[in-house]
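**Q** How does the following fold in three dimensions:
(2 chains)
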Amino acid sequence: MSAARIKILAVAAVLAAAALIVPHTNSFIILLATRAFAFSILVMSVDLLLGFTGLASMGQAAYLGIGAYLTAILATRYHIGLGWDFWLVLVLAMLGSALLAALFGLLAMRASGVYFLMITLALGQCVWGLAYRWNSLTGGDNGINLSQRPKFGIDLADEATFFYVVFVLFALSLIVLYTLVHSPFGRSLTGIRERELRMKVLGYNTWLHKYLAFIVAGAFGGLAGVLWAHTAGIVGTDDVVLTTSVDALLMVVLGGAGTLIGGVIGAALVTFVREYLSTLVHWWQYVLGGIYVLVILYLPGGLMSVPQRLREWRTASGAADKGVVMPAPARGAG
Amino acid sequence: MTNKLPEKLASRTALFVCAAAAALVLRPLPAAAQQELRIGVIAPVTGIFAQVGADMTNGFKMYLDQTNSTFAGTKVVPIIEDSQAKPDLAVTKARKLILQDHVQMIIGGVLATEGYALAPVSTELKTVYISSVAAADDLTQRQLGKYPYFIRTGWSSSQPDHPFGQWACDKGYKKVVTIGADYAFGYESVGGFQKTFEDCGGQIIQKIWPPIGTKDFGPYIPTIKADADAVFSLMVGPMALQFPKQLRDSGFTKPILGGTVSYDEAALPFMGDEAVGDVSALQYSAALQTPANAAFVKAFRAKYGKVPSYFSETNYSTAMMIDDVMKQTGGQWPGPEAFLAKLQALHVDTPRGPVSFDDMRNPVQNIYIKKVEKTKLFGYDKPELWNVVIRTYPNVSQFWTYGKDAFLKQPVYSRDFPPCKYCE
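**A** Numbering: from 1, shown residues only, chains lettered A, B, ... in the order given. Down below sits the predicted model:
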């Protein structure tokens, strides 16, 4: 069995284990797991941009916001989205955020590197500003409360049921994104990340590739937003503020950019420390900060690179014992 | 390769160990023991409001220490959770407190956003939520019907500003410029002041809204209209420290009327002499010369090294009110509905004065107009800045003198309401 196959099976096994164990724990763990999986969809979309296309975007929370606010406004004002039309709202949210990404992408794709970061930051903050000021629509800084979760044959108010729905949507997103990054389109993105000039010389329309990746990321951000709105039951300006975008970015770096599942690990770890550890000790922020610093200093490939680092370390020390010089192992394709 | 088999085994073992550890750690918690009053306290322990959170929890804990954590024979177990003043974290912690820790009630929440986030949780999970700080007007006004398990023991944002507007008008101020933090709490505070000030004949000639967290008021101060008799400011947190200093440094000599939290004891000890003479209005002042408050201030300062702010007093008196209800029921938890009814029926003498509740579950209490003076109080030997009370308005409700129905007909105070009719 190839290494890739083993990895897929391992990931599937761990996710299946999580899906089976979590609903039998207590309410708080179910809530945290639901939050982590819902946010992971956004984090994976950020990884698509950062890890596979090489675009560091600091404004992805804007798409989470579109999805979340759309859900909340439709549910509270027009009573849409609380029955079978939940799926309609899901599609609308993904289309809405894809549209916004298409608009913002036209502006952002003119820049690269640090300038791209700054433009996406500014555009994200535009959405925040709108959410803050357009009081009549968004409730301003008071936000919008969703009074109930959807019911369509199953009642999402039940925490275990809702967890399964979020988990299934998360798994589907993972499968779709995985297929995307391993498709020829995805391979081109990786090529652009490595050497855009070379890709251009080879005849690829790199601008279009990046633009499409940006739109796909926006769409998945919208999906995350719908689930995020129903998980917390409230939508507010905190969901679109800069620190939420930075959170997603940090989770990708923590878990390992360019691995998709790395972002999920990052999200799980941060959620655990921020929301579970904080109930046990009050110095949890030092733990989180320490983890960030150590990973950035010693594990630039994130937590997902740990097995490979161990292998390298073992091979290097084994070879040193035998007095043989080993060539440096090639960087894996994620 | 020769290493493959042990590697596979190692990774599989690791997987098993992790799963087993997870299963052990994540088992459901045992149900709460009987004859215990479990109270969840949601406050920002970390983050930019950490000092406020500390004030809140210290005030609450001080009452517990004074009563040995026992209300009418029942042991009180407080569980403090960190919300970082973020509404979705507050909701997560509230759910944990109610579903996992089985608390009978949750108290706390600082910002209006937290109040609006926690109130629906109390309705959904049928648990009492006492807001000791979160002051958003509508929670006990137009939106009360949605929250049958919600009661406020603190205040509503515009409650102290109504008498303040009246006082300013009586004092002879005719034209006032308002400058308030650009968010809902700011709008409601300025709105309350503007309503009574203009109804009495005054004019608000300009409204300025610096964003929350502004530290440099350079862009705003020069725009203040010269024909103002006074400035009404609503400053929160670090803004409260910077604004009076910068305004006075710019050569402005006219009076500053500070809304509610602008000169509260959370900020006052860090201010300099430029604040002397500034007037503000709130339901509490640490300088209140009553035996109950003197005892409270001295005990609090001895224990925590600082003069209590209203954040501490409101949580202290909330604990006192819970104790009073438990005394009525002989220490037995009477269920959320009965508890709320008894709490609403209380008349309590707290350090801030007499407190009762109106039929919308908001406190009816004294509002103190206070002036910053450098003086010695309560036997302390150094002159310090205190909010000396110069006028008391007793029995002030959230509706002031308008009557509930008339008041509720108007929309909630916002950036555009009341409209700035006299803006030049």
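**Q** Chain B contacts on chain A?
**A** Residues of chain A lying close to chain B (Cβ under 8 Å from any Cβ of the partner chain) are A:10, A:13-14, A:17, A:21-22, A:25-29, A:31-32, A:35, A:132, A:135, A:140-143, A:145, A:147, A:232-234, A:236, A:238-239, A:274-275, A:278-279, A:282, A:285, A:307. All C-beta atoms are positioned from the backbone trio N, CA, C, and that covers glycine.
**Q** among these, which ones are buried?
**A** A:14, A:17, A:22, A:25, A:27-29, A:31-32, A:35, A:132, A:135, A:140-143, A:145, A:232-234, A:236, A:238-239, A:274-275, A:278-279, A:285 (16 or more other Cβ atoms under 10 Å in any protein chain shown).
**Q** Which of the residues of chain A next to chain B fall in helices?
**A** A:10, A:13-14, A:17, A:21, A:27-29, A:31-32, A:35, A:132, A:135, A:232, A:278-279, A:285, A:307 (DSSP state H).
**Q** Leaving out chain neighbours, which residue sits closest to whichever residue of the stretch 251-400 of chain B sits closest to chain A?
**A** Closest contact between the stretch 251-400 of chain B and chain A, by Cβ to the nearest Cβ, is at B:Val261 (16.2 Å). Excluding the flanking residues, the one nearest B:Val261 by Cβ to Cβ, 6 or more residues apart in numbering or on different chains is B:Val236, at 5.8 Å.
**Q** And A:Gly263, by the same measure?
**A** Of all residues not flanking A:Gly263 in the chain, A:Val43 sits nearest, at 3.8 Å (Cβ to Cβ, 6+ apart).
**Q** Now the element after the lowest-mean-pLDDT helix or strand in chain B, going C-ward?
**A** Across the helices and strands of chain B, the lowest-confidence element by mean pLDDT, DSSP states H and E is helix B:4-25, at a mean of 52. Later in the chain than helix B:4-25, the nearest helix or strand by DSSP states H and E is strand B:36-43.
**Q** List the buried residues in that following strand.
**A** For strand B:36-43, by 16+ other Cβ under 10 Å, it's B:Leu37, B:Arg38, B:Ile39, B:Gly40, B:Val41, B:Ile42, B:Ala43.
**Q** name the helices or strands packed onto it?
**A** When contacts are defined as 3 or more Cβ pairs under 8 Å, 6 or more residues apart in numbering or on different chains; DSSP states H and E, strand B:36-43 packs onto helix B:50-66, strand B:74-82, helix B:87-95, strand B:105-108, helix B:310-328.
**Q** change it to 7 Å
**A** On a contact count with 3 or more Cβ pairs under 7 Å, 6 or more residues apart in numbering or on different chains; DSSP states H and E, strand B:36-43 meets helix B:50-66, strand B:74-82, helix B:87-95, strand B:105-108.
**Q** Determine which of the ones you listed approaches B:Val372 most closely.
**A** Nearest to B:Val372 among the helices and strands packed on strand B:36-43 is helix B:50-66; the distance by Cβ to Cβ comes to 19.3 Å.
**Q** picking that back up, so the residue nearest to B:Val261 is in contact with B:Gly180, correct?
**A** No - look at B:Val236 against B:Gly180 with Cβ atoms under 7 Å: they stay out of range, at 9.1 Å.
**Q** The two: which has the busier surroundings?
**A** B:Gly180 (27 against 24; other Cβ atoms under 10 Å in any protein chain shown).
**Q** OK, contacts around the more buried one?
**A** By Cβ atoms under 7 Å, 6 or more residues apart in numbering or on different chains, B:Gly180 lies in contact with B:Gly186, B:Ser189, B:Val190, B:Trp209, B:Ser233, B:Leu234, B:Gly259.
**Q** how much space between the first one and chain A?
**A** Taken as Cβ to the nearest Cβ, to the nearest Å, the spacing of B:Gly186 relative to chain A amounts to 10 Å.
**Q** Helix or strand: which one has the nearest residue to A:Ala98 once chain neighbours are set aside?
**A** Spatial nearest neighbour of A:Ala98, excluding adjacent residues (Cβ to Cβ, 6+ apart): A:Ala219 at 4.1 Å. If you go by DSSP H and E, A:Ala219 is part of helix A:206-232.
**Q** And B:Gly258, by the same measure?
**A** Going by DSSP H and E, B:Gly258 is in strand B:256-259.
**Q** Can you list the helices and strands that that strand packs against?
**A** helix B:161-171, strand B:230-234, strand B:279-282.
**Q** Show me which residues of stretch B:225-233 are buried.
**A** Neighbour-count burial for stretch B:225-233 [16+ other Cβ under 10 Å]: B:Ala228, B:Asp229, B:Ala230, B:Val231, B:Phe232, B:Ser233.
**Q** first vs last residue of it, how far apart are they?
**A** Start and end residues of stretch B:225-233 are separated by 14 Å (Cα to Cα, to the nearest Å).
**Q** For that stretch, what does the pLDDT average out to?
**A** Across stretch B:225-233, pLDDT averages out at 93.
**Q** which other residues reach it?
**A** With Cβ under 7 Å, 6+ apart, stretch B:225-233 has contacts from B:168, B:173-180, B:190, B:193, B:205-206, B:224, B:243, B:254-259, B:262, B:424.
**Q** do that again at 8 Å, thanks
**A** If you take Cβ atoms under 8 Å, 6 or more residues apart in numbering or on different chains as the criterion, stretch B:225-233 is touched by B:168, B:172-180, B:190, B:193, B:205-206, B:224, B:243-244, B:247, B:252, B:254-259, B:262, B:424.
**Q** quick one: which of the residues you listed sit in helices?
**A** Per DSSP H, those map to helices at B:Ala168, B:Val190, B:Phe193, B:Phe243, B:Pro244, B:Leu247.
**Q** Does the fifth one touch B:Val276 like I think?
**A** Spelled out, that is B:Pro244. No - applying Cβ atoms under 8 Å as the test, B:Pro244 and B:Val276 come out as separate, 9.8 Å apart.
**Q** Looking at those two, which is more packed in?
**A** Neighbour totals were compared for B:Pro244 and B:Val276, and B:Pro244 leads with 25 against 14 (other Cβ under 10 Å).
**Q** List the contacts of that one.
**A** Here B:Pro244 is in contact with B:Ser233, B:Ile256, B:Gly258, B:Met271, B:Glu274, B:Ala275, B:Asp278 (Cβ under 8 Å, 6+ apart).
**Q** Listing partners with orientation, what would you give for the strand holding B:Gly258?
**A** Sheet pairing of strand B:256-259 (DSSP bridges) gives strand B:230-234 (parallel), strand B:279-282 (parallel).
**Q** what's the helix or strand for the spatially most central residue of chain A?
**A** The centroid of chain A falls nearest to A:Val43 when counting by Cα atoms, centre = their mean (1.1 Å). Per DSSP H and E, A:Val43 falls inside helix A:27-47.
**Q** packing partners for that helix?
**A** Using 3+ Cβ pairs under 8 Å, 6+ apart, helix A:27-47 is in contact with helix A:61-77, helix A:159-181, helix A:206-232, helix A:242-255, helix A:261-271, helix B:87-95.
**Q** what's the offset of it from the middle of its chain?
**A** Counting by Cα atoms, centre = their mean, to the nearest Å, helix A:27-47 is centred 9 Å from the centre of its parent chain.
**Q** quick one, that helix and helix A:261-271 angle?
**A** Interaxial angle, helix A:27-47 versus helix A:261-271 (axes from the mean of the first three to the mean of the last three Cα atoms, to 10 degrees): 140 degrees.
**Q** tell me the mean pLDDT over helix A:27-47?
**A** pLDDT averaged over helix A:27-47 gives 94.
**Q** what's the answer for stretch B:366-377, then?
**A** 93.
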